[in-house]
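# Below are the sequence and a predicted model for it; my questions follow.
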Amino acid sequence: MKIKILTFISIAAMLFLAACGKSDADLTKAVNDKLKADGVVGITATVKDGIATLTGEAADQTVKAKAEASAKAVDGVKSVVNSATLKPLPTATPAAADPALTGKITENLKKAGCTGASVTVVNGKVTVTGEVPATKYAECIQTIQQSGITGIDNQLKKGS
């Protein structure tokens, strides 16, 4: 009889201890501490009913995945909902026009008799548009190429 009572008390104690697991507040703190310890920046966690929800903005997919793995590693977390977003990629700023080179090429084209050509230069790359006499076309292109450019977008047309 004593063995049955001891067995019953032992089982009841184990069930009681299992039911008295960590609170959601304790788990929230534990997950956020784990994120910080793992070097995850920009993402925080809240825990409700043992389910950790991650929010915030991750620098990239690697950080987002690391945050999820860190949260799953906390004892007592049943599952993780990763609602963190990724920071948008930076947009490239258009390169500034090179007015000195534009002026130099425009002046050289005028000297060569290429009056119908129009030039824009961005980071050493020339875009030439307009129309020049067919007899001047090759000379106009050669004049542009001798100006120290890194590339040409030739949209120049041959006229009559």
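Here it is on my side, so go on. Numbers count the residues shown, from 1 in each chain.
# where does residue 119 fall, phi/psi-wise?
Backbone torsions for residue 119, taken as degrees, to the nearest 10, come to phi -130, psi 140.
# List the residues that contact it.
Contacts here follow CB atoms under 8 Å, 6 or more residues apart in numbering; on that basis residue 119 touches 102, 105-106, 109, 126-128, 144. Quick note: C-beta positions are derived from backbone N, CA and C, even for glycine.
# Who does it form a beta bridge with?
Beta-bridge partners of residue 119, counted by DSSP bridges, are residue 128.
# Kindly provide the distance from the nearest residue to residue 125 once chain neighbours are set aside to residue 126.
In space, and not counting its chain neighbours, residue 125 is closest to residue 151: 4.1 Å by CB to CB, 6 or more residues apart in numbering. For residue 151, the distance to residue 126 equals 7 Å [CB to CB, to the nearest Å].
# Show me which of the two is the more surrounded one.
residue 126 (21 against 10; other CB atoms under 10 Å).
# where does that one land in three-state SS?
Judged by DSSP: H, G, I helix; E, B strand; the rest coil, the three-state class of residue 126 is strand.
# Just the pLDDT for it.
Residue 126 carries a pLDDT value of 85.
# circling back: who touches the residue nearest to residue 125 in this structure?
124-126.
# Would you list the phi and psi of it?
According to degrees, to the nearest 10, residue 151 has phi -180, psi 160.
# try residue 40
The phi/psi pair for residue 40 (degrees, to the nearest 10) is phi -80, psi 120.
# Please verify my assumption that residue 155 contacts residue 131.
No - taking CB atoms under 8 Å as the definition, residue 155 is not a contact partner of residue 131, at 10.1 Å.
# Could you check which of the two is surrounded by more residues?
residue 131 (14 against 11).
# Now do whatever helix or strand residue 132 lives in: everything it contacts.
Per DSSP states H and E: residue 132 is located in strand 125-133. Strand 125-133 is touched from outside by 101, 105, 114-121, 140-141, 144, 147, 149-160, with contacts defined as CB under 8 Å, 6+ apart.
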